[in-house]
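>>> here are the coordinates; sequence isn't available:
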């Protein structure tokens, strides 16, 4: 079993409890265009209402929304009453709500950030006594609740001083809790935690190379490097370049998935590869968006990762907001006609994905007795290798069940089904039905199999 499959299986079987401790912020995104004023200075014109999203530790916590996990955000969230809601339903019973969180306001024009305006006070505007109360609340919460993993998201805004960080890490070591630190302080501040840093930090702090127990250095799109201990195996996954539409928060996504995977008992090498894949998925969205497990799996294994379980269909539908195309069939011997049909299907409102359902071997034996067919695993692998196909789902039940779970925008069928009418198509009442035109590859499986037998 591949590491990502192990993680997905363990996540389904057990709900993990993760604490994210650190500096919550508010990220404000403004989208518009820049034009010149009469006095020659640039002027930013908003196109839409500014979008408020969680930042810092709150963003890191929100990146686990798609997994079976309970996240407790321990942060100062006062001054912005809806930060917890923006974080995606975070458990805020351990949050400290006084003070005012830092605000990072970004201005985006033509798909790139043209300016950032930061608004923050010193130590959230709190007195030393109040700040110390917040720190004690964090340490007490760790001692009261049992967590499976802890992420320290330390942006050095004032909540986490050196003493508090030390107490958190010592508690985790004493209770054998995996702890990841994503911080700005020198490496010695995080001894005992797996330290996650970027290449700029590593260049500034060369001592990170001997960090105990280990440090993970990220290099953007390039593969991360583990230093401080030996690495036996890293499943590097796909090296296919991805289009980076937004890098802001990718480090938070990486750190959150690293802590989550370690919490489920995966070796650090495997946890790092999964975290890197999650980051690759994250940067492909224009705004911060938590990766789905099935997306991380596909990034690690671009072909095999497309083959999913029917249990994943609802998640795929939600991740694509229902904007999917659907096709199904036996595909006894995948051939050029099948490839042409599926490419046609992809063009029918399938910009967010084409899902192909494939009859199981049991279905084939029941509905087409005596007819030759490749094994289900072979048929799925060949279809998954097609660029136009985003997901392949083997099924033994009814097609309508699949359509009910998936809720696609359109169901695509070959031209030979046109004579039966729309009403004969399973799920016709749940999605638009589109019949393909005549195929330029008229030979079907039966004729191809007979030709091979006659050779």
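Sure thing, it's come through. The structure presented is a predicted model; accordingly, all values stated were derived computationally and were not measured.
>>> low-confidence ranges, this protein, go.
79-99, 229-239, 446, 450-451, 453-455 (pLDDT under 70).
>>> tell me the domain ranges of it?
For the chain, the structural domains run 3-302, 310-454, going by automatic domain parsing.
>>> run through who's touching stretch 143-153.
Here stretch 143-153 makes contact (C-beta atoms under 8 Å, 6 or more residues apart in numbering) with 16-23, 56-57, 60, 72, 94, 142, 160, 165, 168-169, 171-172, 177-183, 190, 193, 252, 255-256, 259-260, 262-264. Where you see a C-beta, it was placed from the backbone N, CA and C, and this is true even at glycine.
>>> show the end-to-end separation of that stretch, please.
When the termini of stretch 143-153 are compared using C-alpha to C-alpha, to the nearest Å, they are 19 Å apart.
>>> tell me which of the domains of the chain sits most buried.
Stretch with highest mean neighbour count among the domains of the chain: domain 3-302 (a mean of 19; mean count of other C-beta atoms under 10 Å).
>>> for the chain, which helix is longest?
With DSSP state H setting the assignment, residue counts place helix 128-144 as the longest helix in the chain.
>>> pull the distance from the helix or strand that that one is followed by to the chain's centre.
Sequence order places strand 149-154 as the next helix or strand after helix 128-144, per DSSP states H and E. Strand 149-154 has its C-alpha centroid displaced from the chain centroid by 19 Å (C-alpha atoms, centre = their mean, to the nearest Å).
>>> partner strands of strand 149-154 and their direction?
Looking at strand 149-154 with DSSP bridges, its partner strands are strand 16-22 (parallel), strand 179-183 (parallel).
>>> got the angle between it and helix 128-144?
160 degrees (axes from the mean of the first three to the mean of the last three C-alpha atoms, to 10 degrees).
>>> helix or strand right after strand 149-154?
Toward the C-terminal end, the helix or strand that comes next after strand 149-154 (DSSP H and E) is helix 162-174.
>>> who are the packing partners of that next one?
The contact analysis (3 or more C-beta pairs under 8 Å, 6 or more residues apart in numbering; DSSP states H and E) places helix 162-174 against helix 128-144, strand 149-154, strand 179-183.
>>> angle of the helix or strand that the last one is followed by against strand 179-183?
So the one you mean is strand 179-183. Helices and strands here follow DSSP H and E; after strand 179-183, the next one along the chain is strand 194-198. Interaxial angle of strand 194-198 relative to strand 179-183 (the same axes, to 10 degrees): 30 degrees.
>>> residues making contact with strand 194-198?
Outside of strand 194-198, the residues that reach it under the criterion C-beta under 8 Å, 6+ apart are 178-183, 187, 205, 208, 211, 213-219, 251, 254-255, 258, 262, 268.
>>> give me the sheet partners of it and which way each runs.
strand 179-183 (parallel), strand 215-219 (parallel).
>>> so where do the helices sit in the stretch 301-450 of the chain?
Taking DSSP state H, counting those that start in this stretch as the criterion, the stretch 301-450 of the chain contains helices spanning 313-319, 336-346, 361-367, 376-384, 399-406, 445-454.
>>> tabulate those (JSON lines), appending distance to residue 107.
JSON lines is the format used below for the helices of the stretch 301-450 of the chain (distance: least, C-beta to C-beta, whole Å):
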{"stretch": "helix 313-319", "distance to residue 107": "28"}
{"stretch": "helix 336-346", "distance to residue 107": "35"}
{"stretch": "helix 361-367", "distance to residue 107": "54"}
{"stretch": "helix 376-384", "distance to residue 107": "41"}
{"stretch": "helix 399-406", "distance to residue 107": "38"}
{"stretch": "helix 445-454", "distance to residue 107": "56"}
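>>> which one of the ones you listed lies closest to residue 223?
Go through the helices of the stretch 301-450 of the chain one by one with C-beta to C-beta and the one that ends up closest to residue 223 is helix 376-384, at 24.1 Å.
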